[in-house]
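Trainee: this one's structure only:
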């Protein structure tokens, strides 16, 4: 699973969706160019997604 800032995070942020970036090669080195490229959450493993979902549901 990969999460690119420009093609995955940016468009979802524009739609006001909650965004989660999974750090995986080779895109883990990609740096946000703009504030709109910043994910709401960043995780290292997909297994961490459950915790993010619980956190979002609690908001």
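Mentor: Structure received. Note that this is a predicted model, so its numbers are computed, not measured.
Trainee: so how many other residues sit close to residue 20?
Mentor: The number of residues packed near residue 20 is 20, by other C-beta atoms under 10 Å. Bear in mind the C-beta positions are built from the backbone N, C-alpha and C, glycine included.
Trainee: That one bridge partners, please.
Mentor: Under DSSP bridges, the beta-bridge partners of residue 20 are residue 41.
Trainee: got the contact list for the longest helix seen in the chain?
Mentor: Taking DSSP state H as the criterion, the chain has its longest helix at helix 49-58. Residues outside helix 49-58 that contact it (C-beta atoms under 8 Å, 6 or more residues apart in numbering): 18, 20, 22, 41, 43.
Trainee: can I get the residues you listed in JSON lines with pLDDT and distance to residue 28?
Mentor: JSON lines is the format used below for the contacts of helix 49-58 (pLDDT from 0 to 100; distance: C-beta to C-beta, whole Å):
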{"residue": "18", "pLDDT": "97", "distance to residue 28": "20"}
{"residue": "20", "pLDDT": "96", "distance to residue 28": "14"}
{"residue": "22", "pLDDT": "93", "distance to residue 28": "9"}
{"residue": "41", "pLDDT": "97", "distance to residue 28": "15"}
{"residue": "43", "pLDDT": "96", "distance to residue 28": "11"}
